[in-house]
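A.B. asks: task: produce atomic coordinates for the following.
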Amino acid sequence: MIEKQQEYIEPTELTEDIVAQFLTDHPDFFQKHPELLNRIKVDTPERGVVSLVEVQVNKLRGRIGELEEEITQLMSLAAQNDRLFHEFSSIQKQLLLSENFSQAVAIIEKKAIELNLTAHVKIVEHSHPKYHVEQSALDNFVKKFLNGHSAYLGRLRKTDRDSLFAYGGLDLSSSDLGSFAILPLGASSKPMGIIAFASRDGGHFQPNMGTLFLEQLVSVFHYLLTQWSKLDNE
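C.D. replies: Residues are numbered from 1 along each chain as shown. Below you'll find the predicted structure:
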């Protein structure tokens, strides 16, 4: 009887990549061989040669520190949002109790001052120069800065600022000084005007900031404007 010759398999050379791949494919390896953890040494720049267990513990401590910092930041943001919510809820109630345009604008301007800002209300058809904005200036702003968005946050060049806030009492000497939160009154594609909040701090209003509370405030103000307009036309 002829015995079948066994096929010879050349052993594979053990490399770091093969070991790394093996450990990746078998994440429970050290659970099955815990005695190896203290025998494996890692050279670290901070503490010299330490065991793999110490490396893992230090990484976990670092991650815990990062998570604690993230939680602290989230709690701070939540507290800030809670404060803003109550402030804007209060001003919305005051607006709903106002009887005319002048009272409503005074409420918004007062709240802006409390926040170290200045408020500007500009309406195309308003007769007072302080609150009037040219249709061409508004159309240009909508096309250039809003483009379908619910708000613009950031800086404005002097030419854009002057055309939008003409006669508005805005006094910022440098073309790059100050930042703005500008929201349309009505549909962003064809608003009747804008409400703007200006800060002398060029970094106060930034594009990545949320505008939910401001949008709600402007929505209430726009609603009141439409109601007063209906009464004037009756």
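A.B. asks: pLDDT-wise, which helix or strand of this structure ranks last?
C.D. replies: strand 48-51 (a mean of 58; mean pLDDT, DSSP states H and E).
A.B. asks: what mean pLDDT does the helix or strand that comes right after that strand have?
C.D. replies: Downstream of strand 48-51, the first helix or strand assigned by DSSP states H and E is helix 52-97. Helix 52-97 carries an average pLDDT of 77.
A.B. asks: which other helices and strands does helix 52-97 contact?
C.D. replies: For helix 52-97, the elements it packs on are strand 41-44, helix 101-114, helix 212-233, judged by 3 or more Cβ pairs under 8 Å, 6 or more residues apart in numbering; DSSP states H and E. In short, each C-beta sits where N, CA and C put it, glycine included.
A.B. asks: in the chain, where is pLDDT below threshold?
C.D. replies: For the chain, residues meeting the criterion pLDDT under 70 lie at 1-12, 36-53, 55, 77, 79-81, 84, 167-177, 230-234.
A.B. asks: just give the nearest non-adjacent residue to the spatially most central residue of the chain, would you?
C.D. replies: By Cα atoms, centre = their mean, the chain has its centre lying nearest to M209, at 3.1 Å. Of all residues not flanking M209 in the chain, L153 sits nearest, at 5.6 Å (Cβ to Cβ, 6 or more residues apart in numbering).
A.B. asks: confirm that that neighbour sits in a strand.
C.D. replies: Yes. Residue state for L153 (DSSP: H, G, I helix; E, B strand; the rest coil) corresponds to a strand.
A.B. asks: give me the beta-bridge partners of it?
C.D. replies: Beta bridges link L153 to A181 when assigned by DSSP bridges.
A.B. asks: distance check, E68 against M75.
C.D. replies: The spacing between E68 and M75, counted by Cβ to Cβ, to the nearest Å, is 11 Å.
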